[in-house]
Structure formats: C-alpha cells, structure tokens
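Have a look at this prediction, sequence included:
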Amino acid sequence: MKVVEHLAQAKDTLISFEVLPPLKGKTISSLYDHLNPLMEFKPSWINVTYHRSESMFKKKADGTFEKIEVRKRPGTVGICAAIMNHYKIDAVPHFICGGFTKRETEDALIDLDFLGIDNVLVLRGDAAKNETAFEPDPKGNRYAIDLLKQVGNMNNGIYTDEDIQGGGKTRFCIGVAGYPEKHFEAPNMEIDLQRLKDKVDAGAEYIMTQMFFDNNKFFEFVKACRAMGITVPIIPGLKPITTKKQLSVLPRLFHVDIPTDLSNEIMKCKTDLDAEEAGTKWLLQQSKELKQFGVPVLHYYTLGKPNVIRNVVKELV
Ligand code: FAD
C-alpha cells in the first residue's frame with residue numbers, strides 16, 4: 001500500500017520506522033533482531049536507507065595500493081522485499097542519484113515494481129567521501145527532482161530506453177526530503193523552500209524531514225511550506241541523542257542545531273547511559289508535542305537504538 005493511502009486511512013497519528021541495511025557480511029536476521037522489538041507498535045511502513053559505494057585504497061601483497069569501490073551496506077531493494085514478506089508491512093526504499101546511471105536506476109525501479117513495492121523516497125545523496133561537493137554520475141541524475149521526474153516518467157510508461165513504446169506503467173508513490181533547518185548547500189531558506197515546492201509540483205506526494213531537536217523549527221517549517229502553497233503531508237523525522245559525542249557529531253553530519261536545554265542536559269551526564277536517558281526523555285517530549293500538533297506520522301530513525309525508540313513509542317500508544 002502507498003504511503004499516501006496509509007495517510008488517507010489514518011484515524012490517529014501513525015508510527016513508522018527507518019532502518020539501515022546491515023553491514024555487508026551480516027545476515028538478514030541481524031535486521032530482524034533490530035526490528036522485532038518495534039513490531040508490537042504495528043508501524044505503517046518501514047523505510048530502508050540507500051548507501052552509495054565508497055572508493056578505498058587497499059594494500060596489495062607487493063606493497064602498492066589499489067583503488068577499489070566498496071558498498072558497505074548493500075541490499076536496500078532485497079531488504080524491502082524481505083520486510084514485506086516477513087512482517088507483512090510496507091517498505092519504503094530510499095533511492096539516490098549519486099553513484100548511479102539513469103539506466104541502473106531504471107533497472108532497480110523495475111525490480112521494485114516486480115516485487116510489488118509501490119513506494120520510493122527519492123533523494124540526491126551526499127558527496128562521495130573523496131569528493132568535496134556532490135558530483136552526479138555523468139549518465140545519472142543531478143538533483144532529487146531529476147530522479148523524481150524519472151520515476152514519474154515510469155509511472156506514465158516512459159522509460160529511458162527510447163525503443164520501448166507504450167511501456168508498462170509503474171505506480172510509485174513518491175516522497176522527498178525537506179529540511180526544517182535548511183539544506184546546508186542552499187543559499188537561504190527561501191530558495192530551499194522554492195526547490196522543495198518544485199519537487200512537490202513535479203509530483204512528490206509527501207515530504208519527510210531531516211531530524212530536528214527543536215519542535216519550533218518544525219512548526220515554522222510547516223508554516224512556511226503552507227504559506228508557499230505546499231499542501232502535501234509533512235512527516236517529521238525523529239532521532240534520539242544517545243551519546244555525549246553526538247552533541248558535536250550530529251550538527252557536523254546533519255547540519256542541525258541542538259537546543260541549549262538539551263545540550264545542557266547532555267553535558268551534565270557522566271556516562272553515555274545517562275546521555276541516552278536524557279535523550280530518550282527529550283524525544284518523548286518532542287513526540288508528545290508533535291502528536292498534539294497533529295502531525296500525520298511520527299517517523300523514527302532507529303539507527304541501532306531500537307530499545308530507545310521502543311521506550312518512547314510505548315509511552316505514546
Ligand atoms: P535535492 O532536493 O536535490 O537538494 C540538494 C541541494 O540542491 C539543496 O541545497 C537544494 O536547495 C539544491 N537544489 C535542488 N534543486 C536545485 C536546482 N535545480 N538548482 C540548484 N540547486 C538545487 N542520503 C543517502 O545517501 N541515503 C539515504 O537513504 C538518505 N536518506 C535520507 C532521508 C531523509 C528523510 C533525509 C532528509 C535525507 C536523507 N539522505 C540520504 C541525505 C540526502 O541525500 C542529503 O541530505 C542530500 O545532501 C540532499 O538530498 P535531497 O534529496 O534533499 O537533494
């Protein structure tokens with residue numbers, strides 16, 4: 001079922017989760033072990049992130065180095081199919097532009113369609129680790145909106161292969177990312193919001209946000225989107241702080257602010273266990289307030305911490 005169909009049928013705030021594919025070498029049971037504690041909350045769907053390959057230098061026997069491409073977390077499409085089979089729950093794969101040609105993307109979308117997966121969250125992806133700025137594959141999509149248009153074309157039976165006339169129409173429900181604190185490359189919020197509106201005008205049916213720790217940033221973002229004429233559902237993405245180190249790591253990696261009250265609480269903590277407790281408390285408070293605000297879904301980035309998410313969600317349902 002499509003994300004928008006879940007939203008249309010919802011009688012209360014829905015719950016959804018996001019997982020990363022296990023590191024290469026681990027089996028699918030490690031993912032089930034991660035998800036099992038969360039299944040009692042009957043999530044409406046589960047998102048599965050996508051990870052591009054990285055260039056690495058491997059030392060050879062003769063002492064020289066060889067450049068190799070390594071994908072540490074492969075398997076997004078297979079994991080989505082596994083989740084749907086195992087739990088009978090919808091899965092939402094993330095698809096990225098970076099590192100893929102349009103043809104490779106098309107083939108992967110065909111796999112999704114054949115597997116009965118009718119959702120996709122389209123993203124640009126970040127720069128590869130050896131690049132200073134994002135560079136698309138020469139035969140790939142540059143921005144999320146370009147990938148979105150490719151999926152939209154397939155929904156209309158148009159494929160990159162011009163020999164295919166009257167191709168089968170896929171039926172993907174397309175989501176996109178939004179940034180309550182602005183995407184870090186956008187010159188200002190207004191331009192970022194205009195680009196978000198462009199994605200919605202091009203066919204995005206809902207927006208899923210970057211994590212944020214200050215609900216006011218989300219409320220202002222929703223207000224600004226509505227003022228611009230963006231009417232699609234906006235789903236807040238939520239993550240707990242669970243270590244003291246994250247006070248500097250999260251702002252650096254995700255370009256988000258940690259509110260003073262939260263950073264003060266975390267800085268007071270003696271151990272990471274204390275930090276996890278403070279982070280859990282904060283996330284619960286955030287979730288309660290967002291629910292009261294009337295968000296359609298509370299979407300949790302579980303990222304290795306299913307028990308923290310469990311402790312929060314059990315207080316909400
Ligand atoms: P875009 O919408 O393409 O925007 C990227 C930047 O380009 C923005 O600054 C925008 O303002 C600007 N821009 C857009 N259109 C134009 C234009 N026409 N001309 C000039 N500038 C333009 N990354 C992964 O690798 N895998 C994942 O699974 C993943 N999941 C994510 C899930 C969520 C909910 C979020 C919020 C992010 C996720 N990311 C993931 C990270 C994401 O790929 C990065 O944040 C990336 O830098 C931007 O992606 P985007 O889809 O927002 O890009």
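Nice, I can see it.

any idea how far the nearest residue to Asp214 once chain neighbours are set aside is from Asn215?
The shortest distance from Asp214 to any non-neighbouring residue, by Cβ to Cβ, 6 or more residues apart in numbering, is to Pro259 (4.6 Å). Where you see a C-beta, it was placed from the backbone N, CA and C, and this is true even at glycine. Distance, Pro259 to Asn215, using Cβ to Cβ, to the nearest Å: 9 Å.

higher neighbour count, the two?
Asn215 (20 against 15; other Cβ atoms under 10 Å).

Who are the contact partners of the more buried one?
Gln286, Glu289, Leu290, Phe293 (Cβ atoms under 8 Å, 6 or more residues apart in numbering).

Specify which member of these is nearest to Leu20.
For the contacts of Asn215, the closest approach to Leu20 (Cβ to Cβ) belongs to Gln286, at 21.7 Å.

before we move on, the earlier item: tell me the buried residues within the contacts of Asn215.
By the neighbour-count criterion of 16 or more other Cβ atoms under 10 Å, the contacts of Asn215 include these buried positions: Gln286, Leu290.

ok, the contacts of Asn215 vs the ligand, which is closest?
Closest approach to the ligand among these (Cβ to the nearest ligand atom): Leu290, at 15.4 Å.

what does the model give that closest one for pLDDT?
According to the per-residue confidence, Leu290 scores 98 in pLDDT.

That one reaches Leu298, doesn't it?
Yes. The pair Leu290 and Leu298 passes the contact test of Cβ atoms under 8 Å, sitting 6.3 Å apart.

list residues touching both of those two?
Jointly contacting Leu290 and Leu298 under the rule Cβ under 8 Å, 6+ apart are Pro236, Leu238.

Do me a favour and average the pLDDT over the helix or strand hosting Gly152.
Element membership for Gly152 (DSSP states H and E) is helix 144-155. Helix 144-155 shows a mean pLDDT of 98 in the predicted model.

Which elements pack onto that helix?
The elements that helix 144-155 packs onto, with contact taken as 3 or more Cβ pairs under 8 Å, 6 or more residues apart in numbering; DSSP states H and E, are strand 90-96, helix 102-114, strand 119-123, strand 173-178, helix 189-201.

quick one: is that helix near the ligand?
Yes. Part of helix 144-155 sits near the ligand under the criterion Cβ under 6 Å from any ligand atom, namely Ala144, Ile145.

How far away from the center of its chain is that helix?
Between the mean C-alpha location of helix 144-155 and the chain-wide mean there is a distance of 17 Å, by Cα atoms, centre = their mean, to the nearest Å.

Likewise for stretch 56-75?
The chain centre lies 28 Å from the centre of stretch 56-75; the measure is Cα atoms, centre = their mean.

Convert the C-alpha atoms of that stretch to PDB, please.
Once non-C-alpha atoms are left out, stretch 56-75 reads as follows in PDB (Å, rounded to 0.1, in the frame of the first residue of the first chain):
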ATOM      1  CA  MET A  56      39.000   2.900  -0.800                       C
ATOM      2  CA  PHE A  57      42.700   2.100  -1.200                       C
ATOM      3  CA  LYS A  58      43.600  -1.500  -0.400                       C
ATOM      4  CA  LYS A  59      47.200  -2.500   0.100                       C
ATOM      5  CA  LYS A  60      48.400  -5.300  -2.200                       C
ATOM      6  CA  ALA A  61      50.900  -8.000  -1.400                       C
ATOM      7  CA  ASP A  62      53.600  -6.100  -3.300                       C
ATOM      8  CA  GLY A  63      53.100  -3.000  -1.000                       C
ATOM      9  CA  THR A  64      51.400  -0.900  -3.700                       C
ATOM     10  CA  PHE A  65      47.800   0.300  -3.300                       C
ATOM     11  CA  GLU A  66      44.800  -0.500  -5.400                       C
ATOM     12  CA  LYS A  67      41.700   1.700  -5.600                       C
ATOM     13  CA  ILE A  68      38.600  -0.300  -5.100                       C
ATOM     14  CA  GLU A  69      34.900   0.500  -4.900                       C
ATOM     15  CA  VAL A  70      33.200  -0.900  -1.800                       C
ATOM     16  CA  ARG A  71      29.500  -0.800  -0.900                       C
ATOM     17  CA  LYS A  72      29.400  -1.400   2.800                       C
ATOM     18  CA  ARG A  73      25.600  -1.500   3.100                       C
ATOM     19  CA  PRO A  74      24.200  -3.100   0.000                       C
ATOM     20  CA  GLY A  75      20.700  -4.700  -0.300                       C
END
